[in-house]
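Chemist: I'd like to go over a predicted model; first the sequence, then the structure.
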Amino acid sequence: MKFLYKGYLTGPIIGALWAVVMAVTLGVAISFATGEAARPALWGALILGVVTGLVHVWRANRWLSLGVAVVVALGVSAIGLGALQFGAGFAPGSRVALSIVLAGIVAIPLNTILKDLPFGATNRHEFEAAVIRFLTGFGYLFFTAIVIIPFYVMVMTSMKSQQQLMLNPLDFSLDLSKGWHLFDSYYELMTKFHFGRYLWTSFYVSVLTVALTLLFSVPGAYAVARLRFSGRKVFSRGILLIYMVPMIVLALPIYIAYSMVGLRNSVFGIVMIYPVTTIPVALYMLQGYFRGLPVEVEEAGLMDGLSRLKVIWKITLPLALPALASVGLYVFMIAWNEFLLAFMLLDDPSKFTLTRGIASLNSSEIPRQHLMAGAVIATVPIMALFLGLERFMTRGLTAGAVKG
Amino acid sequence: MTDISPPKGRGALAKREARLAWGLLFPTIAIVSLVVIVPLLAIFWISVKPVKLGDLRPAEMRLRVSLREAGAQPQIEYRVINPSRDHAIHGAGFDNTLPKGVTLTGDLPKGCALSGQDLRCEFGDLAPAFNERYRIDAQVTGDAKAANRAVRDSVSVARGQVDNMLTNATFTLENFRKLFDGSEFWSVLGVTLFYTIFGTLGALLVGLFAALLLNKDFRGQGILRGLYLFPYVAPVIAVAFTWITLFDPFSGSANALLIQMGVSQGAINFFGQKPLALIMVTVFEIWRYFPLSFLFILARMQSIDSDMYEAADMDGASPFQKFWYLSMPQLLGILSVLFLLRFIWTFNKFDDIFLLTGGNAGTRTLTVDVYEQAFAISNIGAGAAVAVVVFGCLLIFAALFFRTMSREEGL
């Protein structure tokens, strides 16, 4: 790596990489926004990046490098080597404008990325700092893209008919002039496919699951965290082990048992089984939290004549409320998203949970639009809850497993 | 001088504490063992039995009663059917109460006896697929149509039992023999290992990268952190179908984009081609679970003392050196724990692959195989055998996990 510690090498290389990233990003963005072809070209991007990077390390002047980038971008596209190869649908004016935009998004961030990088020999710090800034910029872009694109596709597809989708899959725009008719699929799901009822079923099943899970796991977690008894360690590991048993292994005998007892196709059966799948997780998370609570407060309570159960009720639980909230939220999420058991145990459309309802939309007779609208209906409530209580959720997810 | 020594054994207080502890734990233990331990034992039991999906609903004798006008002579027909093709019905028979106005005059079949309007028949054992009509001459008074209806609706009770395949004493190792026979199992195992190892490592590395990005304070950090958790929080069914839509060979945006960009010539069937489908489900796994790793790693990073980094700055350590020599050793514990946990969970994963490919195109993992054997091929016993193998693997991983855990986290 040592031979790279020269500004006139590092600058152009990072510049070239950045230009390629930007050309691909802009190309994809234009394609999605307009549905027209805007193909990023490797050589054009490399030339643009190398020149801009070199100019920047040579004279650290942002206006100079921006100017050079614009000139180069326009120049290479004039000779047909442009970093973006436009399809026939673009007017010359918009081609020029987009080339200038590309030059801008290559040159301006490079100002920051290549900050303080000298033209000649660099030291290790300057080199690594530049690399890290490049990786940071790339990382934000990359992660945001991989998260946003699928979710945008989900929403967009739910508002487009099959024909529109087949006509140009690249077109990510929505025909806003249709107004409320964009939401036709949702209306149909709610009225004809009983999604209102599924929503309600999913909601109360999840709430009941949370309540039952906490009811069972709070005393258990307290016992494991605070009380001394032989077999505590074995128990603590047993919880984890059960946490690791694959659901499909349990689902098979549960399916058999439910078929024989006649609990299949009943929401009651689902409410019975969901908490059991979440109790080990909740126990594990809660005991971690209980351990972290100061034991002195509880001892003071005991000294003042409270019984253990009173101590739990009056001291530990109020102190653990944030943990209860996060565990409850996490359990709600698991129950809301649960698919396998609902899929195997529910066949009667009047008793479907939301996830089971969506699975029933996956057939060739029902348009893709409805399926995606169902997906959005299932995703929006959990996302809203999650964004509203993100702090709790984050803590709930990391509780127990991370110490110190 | 009296001998003074500390009390031996457990005192009353300790005993009371232990009693309370078990009291608090009892409900949990009871319900968890009912729904986890019992099914686990059941899996072992079923895996050595030749049970098919159809055996779950035991066959019952079917009886149809009708009035027939055979020429001038009316007859009552009792049609007795054993719907099962494999199992005999033991102690089969029926009771039928004839309606008023209908009397039996003809000869009764063997094993039948008439007392007043009540006919009682005992057939003993019915062979599999037994299907027989017994016709008895009868006399009908009054309206023939009404009598016809009355006979059809007359009260009859069918008796008989079938050996319950789940509880009888037939055992077989056929399920396991078939499982390990042939190359299918080994290819399934190979797919599982590929999916598990690369899915876990990928999610861990991508998560580490994301955590490094977010491990600094800036405006919008909270928003980005929330955003990056989306794939994990959304219902699997929603995101799986979104991926299928996105990568659809005909109407998917990904294919259109690749063709536009000149990367590929024609449409690629991402979830339908042999090596590609496995890679795609692994990528999906990484995409969906990197948030979890990133969250854990970020939480650990933020708890590292900043003094250390200041000291390193004073000594002139470069950013990469700080990462490699300071952060990594601190993160190693959580990374190994995460690796093992994620490894086990990825190994256990069912929904994702089931929804994306249904286990087709070379993506059948062990857990999907359980479902395929039990429900697609309707062979519950074979499914249970695969489940036993899955459980065995889990025990090995868990042993590894606990050894690492006690070293790393002092649990």
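Modeler: It's in.
Chemist: excluding its backbone neighbours, what's nearest B:G358?
Modeler: Nearest residue to B:G358, sequence neighbours excluded (Cβ to Cβ, 6 or more residues apart in numbering or on different chains): B:V368, at 7.9 Å. Glycine gets a C-beta too; all of them are placed from N, C-alpha and C.
Chemist: surely that neighbour meets B:F354?
Modeler: Yes: with contact defined as Cβ atoms under 8 Å, B:V368 reaches B:F354; the gap is 5.7 Å.
Chemist: what ranges do the helices span in the stretch 151-300 of chain A?
Modeler: A:162-167, A:184-192, A:195-226, A:232-244, A:247-261, A:267-292, A:295-303 (DSSP state H, counting those that start in this stretch).
Chemist: For B:V368 and B:F354, indicate the residue with more neighbours.
Modeler: B:V368 (27 against 23; other Cβ atoms under 10 Å in any protein chain shown).
Chemist: got the contact list for that one?
Modeler: B:F350, B:I353, B:F354, B:G358, B:G359 (Cβ atoms under 8 Å, 6 or more residues apart in numbering or on different chains).
Chemist: which ones are touching B:I37?
Modeler: For B:I37, the contact set (Cβ under 8 Å, 6+ apart) is empty.
Chemist: coming back round to it: make TSV out of the helices of the stretch 151-300 of chain A and add distance to A:I113 and mean pLDDT.
Modeler: Output for the helices of the stretch 151-300 of chain A, formatted as TSV (distance: least, Cβ to Cβ, whole Å; pLDDT from 0 to 100):
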stretch	distance to A:I113	mean pLDDT
helix A:162-167	38	77
helix A:184-192	44	85
helix A:195-226	46	91
helix A:232-244	44	80
helix A:247-261	46	85
helix A:267-292	41	86
helix A:295-303	51	87
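Chemist: export the ones you listed to JSON lines and tack on distance to chain B and mean neighbour count?
Modeler: Shown next, in JSON lines, are those (distance: least, Cβ to the nearest Cβ, whole Å; neighbours: other Cβ atoms under 10 Å in any protein chain shown):
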{"stretch": "helix A:162-167", "distance to chain B": "5", "mean neighbour count": "14"}
{"stretch": "helix A:184-192", "distance to chain B": "13", "mean neighbour count": "17"}
{"stretch": "helix A:195-226", "distance to chain B": "4", "mean neighbour count": "21"}
{"stretch": "helix A:232-244", "distance to chain B": "5", "mean neighbour count": "17"}
{"stretch": "helix A:247-261", "distance to chain B": "4", "mean neighbour count": "21"}
{"stretch": "helix A:267-292", "distance to chain B": "4", "mean neighbour count": "22"}
{"stretch": "helix A:295-303", "distance to chain B": "11", "mean neighbour count": "13"}
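Chemist: Can you add distance to B:D248 and give the ones you listed back as a markdown table?
Modeler: Listed next are those as a markdown table, based on distance: least, Cβ to Cβ, whole Å:
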| stretch | distance to B:D248 |
| --- | --- |
| helix A:162-167 | 9 |
| helix A:184-192 | 17 |
| helix A:195-226 | 23 |
| helix A:232-244 | 35 |
| helix A:247-261 | 27 |
| helix A:267-292 | 32 |
| helix A:295-303 | 57 |
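Chemist: List just the one of those that sits closest to B:L179.
Modeler: helix A:247-261 (14.7 Å; Cβ to Cβ).
Chemist: Run the angle between the closest one and helix A:267-292 for me.
Modeler: Angle, helix A:247-261 to helix A:267-292, by axes from the mean of the first three to the mean of the last three Cα atoms, to 10 degrees: 140 degrees.
Chemist: Off-centre distance for helix A:247-261?
Modeler: Counting by Cα atoms, centre = their mean, to the nearest Å, helix A:247-261 is centred 32 Å from the centre of its parent chain.
Chemist: Format the CA atom coordinates belonging to that helix as PDB.
Modeler: In PDB, the C-alpha atoms belonging to helix A:247-261 read as follows (Å, rounded to 0.1, in the frame of the first residue of the first chain):
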ATOM      1  CA  MET A 247     -39.800 -23.100  14.500                       C
ATOM      2  CA  ILE A 248     -40.300 -25.600  11.700                       C
ATOM      3  CA  VAL A 249     -39.200 -28.500  14.000                       C
ATOM      4  CA  LEU A 250     -41.900 -27.500  16.500                       C
ATOM      5  CA  ALA A 251     -44.500 -26.600  13.900                       C
ATOM      6  CA  LEU A 252     -44.800 -30.100  12.600                       C
ATOM      7  CA  PRO A 253     -45.900 -31.800  15.800                       C
ATOM      8  CA  ILE A 254     -48.000 -28.800  16.700                       C
ATOM      9  CA  TYR A 255     -49.700 -29.100  13.400                       C
ATOM     10  CA  ILE A 256     -50.400 -32.800  14.100                       C
ATOM     11  CA  ALA A 257     -51.600 -32.100  17.600                       C
ATOM     12  CA  TYR A 258     -53.800 -29.300  16.500                       C
ATOM     13  CA  SER A 259     -55.300 -31.400  13.700                       C
ATOM     14  CA  MET A 260     -56.200 -34.100  16.200                       C
ATOM     15  CA  VAL A 261     -57.500 -31.800  18.900                       C
END
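Chemist: Which residue ranges make up each domain of the chain?
Modeler: Let's take chain A. A:2-157, A:186-398 (automatic domain parsing).
Chemist: I was thinking of chain B, sorry if that wasn't clear
Modeler: B:59-162, B:174-408.
Chemist: Show me the strands in the stretch 301-404 of chain A, by range?
Modeler: For the stretch 301-404 of chain A, no strands are identified by DSSP state E, counting those that start in this stretch.
Chemist: what stretches of it score poorly on pLDDT?
Modeler: The model of the stretch 301-404 of chain A has pLDDT under 70 over residues A:393, A:395-404.
Chemist: got it, and the stretch 1-150 of chain B?
Modeler: B:1-3, B:7-8, B:56-59, B:70-71.
Chemist: In it, mark out all the strands, start to finish.
Modeler: Counting by DSSP E, counting those that start in this stretch, the strands of the stretch 1-150 of chain B are B:62-70, B:73-81, B:89-97, B:102-104, B:112-115, B:118-126, B:131-140.
Chemist: can you list these in JSON lines and add mean neighbour count and distance to chain A?
Modeler: Listed next are the strands of the stretch 1-150 of chain B as JSON lines, based on neighbours: other Cβ atoms under 10 Å in any protein chain shown; distance: least, Cβ to the nearest Cβ, whole Å:
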{"stretch": "strand B:62-70", "mean neighbour count": "15", "distance to chain A": "20"}
{"stretch": "strand B:73-81", "mean neighbour count": "19", "distance to chain A": "23"}
{"stretch": "strand B:89-97", "mean neighbour count": "19", "distance to chain A": "18"}
{"stretch": "strand B:102-104", "mean neighbour count": "17", "distance to chain A": "36"}
{"stretch": "strand B:112-115", "mean neighbour count": "13", "distance to chain A": "33"}
{"stretch": "strand B:118-126", "mean neighbour count": "18", "distance to chain A": "22"}
{"stretch": "strand B:131-140", "mean neighbour count": "15", "distance to chain A": "26"}
